[in-house]
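[1] Take this sequence and fold it.
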Amino acid sequence: MATPAVEMTGKTGNLTPAENKDRYRKLYIDDLWNGGNLDILPEIIHKDTYYHPPSFQDPTRYDDMAGIIQGFHNAFPNGSFSFVIDEMIAEDDLVFVQLSFEGKQHDEFCGVPSSGKTLKFTVAGWYRFKEGRIIECRKYNVGDNHDFISAMGIREQLGN
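    Residues are numbered from 1 along each chain as shown. Down below sits the predicted model:
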């Protein structure tokens, strides 16, 4: 097995399920999404990552992540949103989660103009880890429609 390009927390190779959960909670949710710290992308997102639709209507790759996260922080600035982990379990290289989102919109989001309203949604999904970083994700949005905006009721909640 080849040595990873980046040594993670003093280890190489795959981490334990508990370590993957800790990295998901701290780096992915707290620091990256809620904190907006884009500098840690290489620490938690694998360069070969693939987010299957319907995450954001199209497949998402590593190079897309900074723009997506920045889009949330532009629309919901200064701590006006949060992702909260409702449930999380891990087995082997997978972390399964249910997340709740709540945020007050201050700027355009997913094509919906600023409304000042609060958006709430829940998403469930699994994240596959490789070398301590997320390499694959499948998320399942609320609703029957696989279109992110419609499935989350974004237009309806924000009044467009």
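[2] Could you say which helix or strand holds residue 100?
    Taking DSSP states H and E as the criterion, residue 100 maps to strand 94-104.
[3] close enough to count as contact, residue 46 and residue 127?
    No: here residue 46 does not reach residue 127: they are 10.5 Å apart, not a contact under C-beta atoms under 8 Å. Every residue, glycine included, has its C-beta placed from N, CA and C.
[4] Would you mark the buried spots in the strand holding residue 100?
    By 16 or more other C-beta atoms under 10 Å, the buried positions in strand 94-104 come out as 95, 97, 99, 101, 103.
[5] now the longest helix belonging to the chain against strand 94-104, angle please.
    Across the chain, the longest stretch assigned as helix under DSSP state H is helix 62-75. For helix 62-75 against strand 94-104, the angle by axes from the mean of the first three to the mean of the last three C-alpha atoms, to 10 degrees is 30 degrees.
[6] If you count contacts, what does helix 62-75 end up packed against?
    Counting contacts by 3 or more C-beta pairs under 8 Å, 6 or more residues apart in numbering; DSSP states H and E, helix 62-75 is packed against helix 41-44, strand 45-56.
[7] lowest-confidence stretch among those?
    Note on the helices and strands packed on helix 62-75: strand 45-56 shows the lowest mean pLDDT, a mean of 84.
[8] coming back round to it: neighbour count: residue 46 and residue 127, which is higher?
    Set residue 46 next to residue 127 and count neighbours by other C-beta atoms under 10 Å: residue 127 wins out with 26 against 19.
[9] wait, residue 119 sits on residue 105?
    Yes: judged on C-beta under 8 Å, residue 119 makes contact with residue 105 at a distance of 6.0 Å.
[10] Report the strands that pair with whatever helix or strand comes next after the strand holding residue 100, each with its relative direction.
    The element immediately downstream of strand 94-104 (helix or strand, assigned by DSSP H and E) is strand 118-130. The sheet places strand 118-130 alongside strand 94-104 (antiparallel), strand 133-141 (antiparallel), with pairing taken from DSSP bridges.
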